[in-house]
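Asks: This is a predicted model, with the sequence first.
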Amino acid sequence: MPISGADEPHRPPPHLIVSEMSAGYNGTPVVENVSLTAGRGEVVTLLGPNGAGKSTVLKALIGLTKMYAGSVVIGDADVTALPPHSLAAMGCGYVPQTRDVFDELTVLENLEMGGYLLDKRTLRQRIDEVAGAFPQLAKMMNRMAQKLSGGERKMLAIAKVVIRHPTLMILDEPTANLAPAFADRLLHEHIRAVADRGTAVLLVEQKAALALSAADWAYLLVAGRIVRSGHPALLQAQPDFAEAFFGGGGTDAEM
């Protein structure tokens, strides 16, 4: 039951267009007929109970999981089934839930790895930009990543992608295992700042209420299919939204 009408025209033009995606593993679809969009400057969240297929959508989008049907367009380019390194060169940034930084490298070395496609002068400028945007990281440039707290690691993971000035950023469970206060700050400050610089942001998040409070648009995925979409406030106002959220099984998502 997608929401459309008066609110839809206020969204920015789509920079990411996923059309009728079906994807899965070993020939078995996990998600089917998934369509969604995200515009530059917009934070879009994909919600759903555990096992709904949220991470599968992201992995198929960036070429880590097999797409059986559908298409993915970024900007004016059809990028369906392109490998991750090709998407990175085209301005797509991806922050996975785990293994998002190089533990054996320092903060500075992680940032340098994130900007490996940049020339040395531009990389230096971008590192200075990141230090300004993430002042906490600026104080620990020589610290090993494995010594960072969970929140600091996630900041570094995002900064490592932001350094390339992506036009699209995709994040899988960015607040997982973070303290509530830091999770709130991450979504409302750091990720919002990324969008405000003109990046289209698509994130999967298990903390539904937090994600809805930070997003401009939301999709609800249940049992591998989009069952609702709309402005977060309108979705939350629907009396049967929680029932729809849990309709695919699993009741441990944080509403």
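Replies: Received it, and whenever you're ready, just let me know what you need.

Asks: Only C-alpha atoms from now on, for both contacts and neighbour counts.
Replies: Noted.

Asks: Which parts of the chain are helices?
Replies: For the chain, the helices defined by DSSP state H cover 54-61, 84-89, 107-114, 120-133, 135-138, 150-162, 180-185, 192-196, 208-214, 232-237, 241-245.

Asks: list the contacts for residue 13?
Replies: By CA atoms under 8 Å, 6 or more residues apart in numbering, the contact set of residue 13 is 39, 40.

Asks: For residue 8, give me the pLDDT.
Replies: You'll see residue 8 listed with a pLDDT of 53.

Asks: I misspoke; the intended subject was residue 246.
Replies: pLDDT, residue 246: 66.

Asks: between the helices of the chain, which gets nearest to residue 202?
Replies: Distance to residue 202, taken as CA to CA, is lowest for helix 54-61 among the helices of the chain, at 8.8 Å.

Asks: Which strands and helices lie in contact with the closest one?
Replies: Under the contact criterion of 3 or more CA pairs under 8 Å, 6 or more residues apart in numbering; DSSP states H and E, helix 54-61 touches strand 14-25, strand 28-39, strand 66-74, strand 168-172.

Asks: The same query, at a cut-off of 7 Å, please.
Replies: Packing partners of helix 54-61 (3 or more CA pairs under 7 Å, 6 or more residues apart in numbering; DSSP states H and E): strand 66-74.

Asks: I'd guessed residue 142 sits against residue 105; true?
Replies: No - contact between residue 142 and residue 105 fails when scored by CA atoms under 7 Å: they sit 9.0 Å apart.

Asks: More neighbours: which of these two?
Replies: residue 105 (16 against 13; other CA atoms under 10 Å).

Asks: So, low pLDDT: which residues of the chain?
Replies: 1-9, 246-255 (pLDDT under 70).

Asks: and if we set it to 80?
Replies: The model of the chain has pLDDT under 80 over residues 1-9, 239, 242-255.

Asks: So for residue 225, which of the helices of the chain sits nearest?
Replies: helix 54-61 (9.7 Å).

Asks: and the angle for that closest one with strand 168-172?
Replies: 140 degrees (axes from the mean of the first three to the mean of the last three CA atoms, to 10 degrees).

Asks: roughly how far is helix 54-61 from the heart of the chain?
Replies: 10 Å (CA atoms, centre = their mean, to the nearest Å).

Asks: Please apply the same query to stretch 237-247.
Replies: Worked out by CA atoms, centre = their mean, stretch 237-247 lies 23 Å from the chain centre.

Asks: what residues does it touch?
Replies: 48, 49, 220, 222, 235 (CA atoms under 7 Å, 6 or more residues apart in numbering).

Asks: Which of these sits closest to residue 136?
Replies: residue 48 (32.2 Å).

Asks: Leaving out chain neighbours, which residue sits closest to the closest one?
Replies: residue 221 (4.9 Å; CA to CA, 6 or more residues apart in numbering).
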